[in-house]
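**Student:** Generate a structure from the sequence data that follows.
(chains A and B)
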Amino acid sequence: LFFSYFKDLVGREVTVELKNDLAIRGTLHSVDQYLNIKLENTRVVDQDKYPHMLSVRNCFIRGSVVRYVQLPPEGVDIELLHDATRREARGG
Amino acid sequence: MSWATPDDFLLSTSLATYLEKKVVVMLQDGRKLLGLLRSFDQFANVVLEGACERVIVSDIYCDVPLGLYVTRGENVVLIGELDLGKEELPHHMTSVSEADIRKAQKAEKDATDLKGTMRKRMEFLDFD
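**Tutor:** I've put the predicted structure just below:
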């Protein structure tokens, strides 16, 4: 369910917060079945705290280290998600 | 994992686009390895050539050269493509020797550990 949801979000600007507290903003380039994420135009949210990422423009983030993916509010059709979840719960 | 066609590169999260490029690999224990990405697989196991570990403690840093490295995918947090045209480090940072950086690292770790235990003690008292 979420894999297809993320596929629809490709091209949007998101902020990914990782389990090590690093927050990265970028454009969602692609996602796969493990929810690994590839971001383009990467920039770290709090640049001074994490200086080692200054020249990183694109990055690959392993799905297992993602804590949250922050989405633009207009990008979310909550009713659609709600319905799809109900359908999955019934079918699964 | 079937081999990706050229069309798939536009949509897939394949690391093939980073092959032969300089990358930063961040590991779960907080280490950052820089190197040339030689190989990868579906678990994100990675082969880095000319790897060096960049240790950063506030204003100082140190590059520790490591050579050829094979990293197990489960420890990988992220892999970033380094843009060679851009500045890798803020200008105010200075390079120090490995011994110095290890000392500074240990000092930083001890400080955060101490903060953690003190906070736990405070939280305990708050519940009285």
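
**Student:** State which helix of chain A is the longest.
**Tutor:** Criterion DSSP state H: the longest helix present in chain A is helix A:78-91.

**Student:** so how far is that helix from its chain's centroid?
**Tutor:** 20 Å (CA atoms, centre = their mean, to the nearest Å).

**Student:** same thing with stretch B:33-47?
**Tutor:** 12 Å.

**Student:** for stretch B:98-113, same thing?
**Tutor:** Using CA atoms, centre = their mean, the distance from the centre of stretch B:98-113 to the centre of the chain it belongs to is 17 Å.

**Student:** And the strands in chain A, which stretches?
**Tutor:** When assigned using DSSP state E, the strands of chain A occupy the ranges A:13-18, A:23-31, A:37-44, A:56-61, A:66-70.

**Student:** nearest to chain B, of the ones you listed?
**Tutor:** Set against chain B and scored by CB to the nearest CB, these come closest in strand A:56-61, at 3.5 Å. C-beta coordinates here come from the backbone N, C-alpha and C atoms, glycine included.

**Student:** what pairs with the closest one, and is each one parallel or antiparallel?
**Tutor:** Taking DSSP bridges as the criterion, strand A:56-61 pairs within the sheet with strand A:37-44 (antiparallel), strand B:76-82 (antiparallel).

**Student:** Indicate which one of these is closest to A:S64.
**Tutor:** strand B:76-82 (8.9 Å; CB to CB).

**Student:** so for that closest one, what's the average pLDDT?
**Tutor:** Here the mean pLDDT over strand B:76-82 is 89, rounded to a whole number.

**Student:** That one versus strand A:13-18: what angle between them?
**Tutor:** Using axes from the mean of the first three to the mean of the last three CA atoms, to 10 degrees, the inter-axis angle of strand B:76-82 relative to strand A:13-18 is 140 degrees.

**Student:** between strand B:76-82 and strand A:66-70, what angle do the directions make?
**Tutor:** Inter-element angle recorded for strand B:76-82 and strand A:66-70: 60 degrees (by the same axes, to 10 degrees).

**Student:** now strand B:76-82, how far from the chain's geometric center?
**Tutor:** Its chain's C-alpha centre and that of strand B:76-82 lie 7 Å apart, by CA atoms, centre = their mean.

**Student:** Stretch B:72-80 now?
**Tutor:** 8 Å.
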